[in-house]
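J.: could you work out the structure for the sequence below:
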Amino acid sequence: MTARDPSPEILSSPPLPISLLWQPDWQHAAALFWLRVTEISGVRWEDVATDFWSGKKDPCNKACRTFADRLFAGGRGEEALSALMLAVDPTELRTFEIVLPQLIYAIDQLWEWSTEIVTKDYVLQRLSAWRRSARGDFADSDSNIFRIAQLQKPDEAEGTENLLPADKQNEGEREPEALSVVVMPRGKATKLNDYQTEYKDLLDAKLPLRLAHNVGAVRAKLIAEYPHAVGAIDLVLRDLREGKPVRLSPILLMGPAGAGKTRLVRRLFGDLFGIGVYCYDGGGASDSMFGGSPKAWGNTTPSVPVRAVSQMHIANPVVLVDELEKAGTSSRNGRLWHALLPHLERETARCYRDVSLDAELDLSWISHIATANSVENLPAPLKDRYRIIRVPAPSLADLPALAVNIMRELAKENGEPEFVWPLANDEIEVMGRAWEKAGFSIRKLQKIVAATLTLRDSTAARH
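T.: Model (predicted):
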């Protein structure tokens, strides 16, 4: 690592060691590191791959140190430091001796990155757990340092006043007070009928706005889980500000089938931000029911955005329209494309008159996301209102990282420990051939990984 340029260009994404700090366990950190390192030309990795993914501490640590030596020799300081981070062992305090001082120095003197993506306050929280490990606080733990840091709550973190100069210790904003919005003012609503009783609690209710927290940590997790979509992830997160309400300009994720578009949205907003995603099947829509049905109808139904607000009881849920380009094109019963338009402009969404409730609502805080394989046949007014983001198909280079994540998900679904014995080289090779034939679909990869684990279990049982 070299000295800081007097006028550095601030990076839009954090350096690799910072991204590793936010990984929930060693497996995720290793997958992210492996993805980055194997893309560097001239770095030999084939001879240490088996030990690196062996799941055995001593061979793995040796492989990490070998990586570090080669990367340092090639002038790749950040990647070399990352390799040493993977070799840290809470039961062997000496493994912190080189890593921790370099991390602290680099954060203080070398690295600058956009605080809109990750703030140094959150970095210091993770570093606090590393400092405590370095002095032996977790020497009896069986967990790796990444897992230990993940489990430490902010209020358990030790003071970090010595990590940065005094003039930088007070950077960052205090947690804002809870924000809320009255989505359905009583003065702008008519009397609800018997079919609308479930929406009565929205009248004059101050609904909370969910805030974006730990945006940098979320980004790092997503990159580890979706290594093929780094550019798309950054573009989706562009509108988010740490500690501010989650509110996106309309986004359309475009990419081939199986690229993980819908799964990415559910993971980001449903799991990591805890906002909730209301899904609407655009491919099965042949009318304008997205906008609801008139109040006079016996089975009247409010618009999809109102249903999302009511279901999640927050003012800024995410509404996802899946397979938008497959919606029906007949205008006899109205069209989904036309029903969407007033919701994609904040000015019209702020005073939207729902035909079912016969009430004026403020739906301007809702984030609208759509997915499509192509936008070629979409009408121009719709394309003008969406920010189109391309999600590429993954490749063989992404297989190790994607497989690790899928293995963890399968283990969690089965109620098993989330650590799964790493894939061997021959397993990855066989999976790669099958996945290539399947067109690099993540949906198909889930089935391939499941079949591989089933085969592994049956082979173990025979022996």
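
J.: can you pull the contacts of the closest residue to Ile18 other than its chain neighbours?
T.: Counting by CB to CB, 6 or more residues apart in numbering, Val123 is the residue found nearest to Ile18 once chain neighbours are left out, at 6.2 Å. C-beta here means a position set from N, CA and C on the backbone, and glycine is covered the same way. Residues in contact with Val123, defined by CB atoms under 8 Å, 6 or more residues apart in numbering, are Ile18, Leu21, Ile107, Gly216.

J.: just after the helix or strand Val123 falls within, pick out the following helix or strand.
T.: Taking DSSP states H and E as the criterion, Val123 maps to helix 120-134. Tracing the chain past helix 120-134, the next element assigned as helix or strand by DSSP H and E is helix 145-151.

J.: and after that following helix, which helix or strand comes next?
T.: Once the chain leaves helix 145-151, the next helix or strand it forms, by DSSP H and E, is strand 180-182.

J.: can you tell me what sits against that next one?
T.: Asp204, Ala205, Lys206, Leu207, Pro208, Leu209, Ala315, Asn316, Asp362, Trp365.

J.: which residues does stretch 22-39 contact?
T.: 16, 19-20, 43, 45, 52-53, 67, 71, 79, 82-83, 85-86, 118, 126, 144-147, 150, 214, 216-217, 220-221, 223-225, 227, 397-398, 400-401, 404-405, 408, 418-419, 422.

J.: pull out the buried members of the residues you listed.
T.: For those, a burial check counting by 16 or more other CB atoms under 10 Å picks out 16, 19-20, 52-53, 67, 71, 79, 82-83, 85-86, 118, 126, 144-147, 150, 214, 216-217, 220-221, 223-225, 227, 398, 400-401, 404-405, 408, 422.

J.: of the residues you listed, which belong to strands?
T.: Among those, none falls in strands (DSSP state E).

J.: show only the entries of those residues found in helices.
T.: If you go by DSSP state H, the buried ones among the contacts of stretch 22-39 have 16, 19-20, 52, 67, 71, 79, 82-83, 85-86, 126, 145-147, 150, 216-217, 220-221, 223-225, 400-401, 404-405, 408 in helices.

J.: centre of the chain to the longest helix anywhere in the chain, how far?
T.: The single longest helix within the chain, with elements called by DSSP H, is helix 442-462. Relative to its chain's centre, helix 442-462 lies at 26 Å (CA atoms, centre = their mean, to the nearest Å).

J.: so which elements touch that helix?
T.: Packing contacts for helix 442-462, counted by 3 or more CB pairs under 8 Å, 6 or more residues apart in numbering; DSSP states H and E, involve helix 399-413, helix 425-437.

J.: what residues does that helix touch?
T.: Helix 442-462 has contacts (CB under 8 Å, 6+ apart) with 258-260, 263, 394, 399, 402-403, 406-407, 410, 420-421, 423, 427, 430-431, 434-435, 438.

J.: please spell out the ChimeraX selection for the buried subset of those residues.
T.: The following ChimeraX line selects those of these that are buried, judged by 16+ other CB under 10 Å:
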select :258,259,260,394,399,402,403,406,407,410,420,423,427,431,435
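
J.: Val319 looks like it's in a strand, true?
T.: Yes - the assignment for Val319 is a strand, going by DSSP: H, G, I helix; E, B strand; the rest coil.

J.: in the stretch 1-150 of the chain, where is pLDDT below threshold?
T.: 1-13, 108-110, 112-122 (pLDDT under 70).

J.: next up, the contacts around the spatially closest residue to Glu323 that is not a sequence neighbour.
T.: Spatially, and ignoring its direct neighbours in sequence, Glu323 is nearest to Gly283 (3.7 Å; CB to CB, 6+ apart). Gly283 makes contacts with Asp322, Glu323, Lys326, Ala327, as judged by CB under 8 Å, 6+ apart.

J.: next, the angle from the longest helix of the chain to helix 399-413.
T.: Per axes from the mean of the first three to the mean of the last three CA atoms, to 10 degrees, the angle that helix 442-462 makes with helix 399-413 is 70 degrees.

J.: buried set for helix 442-462?
T.: Ile442, Leu445, Gln446, Ile448, Val449, Thr452, Leu453.

J.: taking helix 425-437 as reference, get the angle to it.
T.: Angle between the axes of helix 442-462 and helix 425-437 is 150 degrees (criterion: the same axes, to 10 degrees).

J.: quick one: average confidence on helix 442-462?
T.: Averaging pLDDT along helix 442-462 gives 78.

J.: helix, strand or coil: sort out the residue of the chain positioned farthest from its centre for me.
T.: For the chain, the C-alpha farthest from the mean C-alpha position belongs to Ala296; by CA atoms, centre = their mean, that distance is 42.4 Å. The three-state assignment at Ala296 reads coil, by three-state DSSP.

J.: okay, and Leu253 sits in which element?
T.: Assigned by DSSP H and E, Leu253 belongs to strand 251-254.

J.: name the residues that touch that strand?
T.: Contacts with strand 251-254, where a contact means CB under 8 Å, 6+ apart, come from 232, 236, 261, 264-265, 324, 367-375, 383, 386-391.

J.: sort out for me which of those residues are in helices.
T.: If you go by DSSP H, those have Ala232, Val236, Lys261, Leu264, Val265, Lys383 in helices.

J.: tell me the contacts of the residue nearest to the fourth one when sequence neighbours are not counted?
T.: Of all residues beyond its chain neighbours, the one nearest Leu264 is Tyr226 (5.8 Å), with distances taken as CB to CB, 6+ apart. Taking CB under 8 Å, 6+ apart as the criterion, Tyr226 is in contact with Ile233, Gly260, Leu264, Leu402.

J.: picking up where we left off before, do you know the pLDDT at the residue nearest to Glu323?
T.: Confidence at Gly283, expressed as pLDDT, is 79.

J.: all numbers from here: first residue = 11
T.: Right, with 11 as the first residue, what we last looked at is Gly293.

J.: what about the closest residue to Asp291 other than its chain neighbours, neighbour count?
T.: Nearest non-adjacent residue to Asp291, counting by CB to CB, 6+ apart: Asp332, 5.7 Å away. Per other CB atoms under 10 Å, the neighbour tally for Asp332 reads 20.

J.: now do the contacts for Asp332.
T.: Neighbouring residues of Asp332 by CB under 8 Å, 6+ apart: Thr272, Cys289, Tyr290, Asp291, Gly292, Gly293, Ala380, Thr381.

J.: hmm, try it at 7 Å
T.: Asp332 is in contact with Thr272, Cys289, Asp291, Gly292, Gly293, Thr381, counting by CB atoms under 7 Å, 6 or more residues apart in numbering.

J.: can you list which of those residues are found in strands?
T.: The strands, defined by DSSP E, take in Cys289, Asp291, Thr381 from these.

J.: cross-check the contact I'm expecting between the first one and Val331.
T.: In other words, Cys289. No - between Cys289 and Val331 there is no contact under CB atoms under 7 Å: 8.1 Å.

J.: what about the two, which has more around it?
T.: Taking other CB under 10 Å, Cys289 and Val331 do not tie; Val331 has more neighbours (25 against 18).
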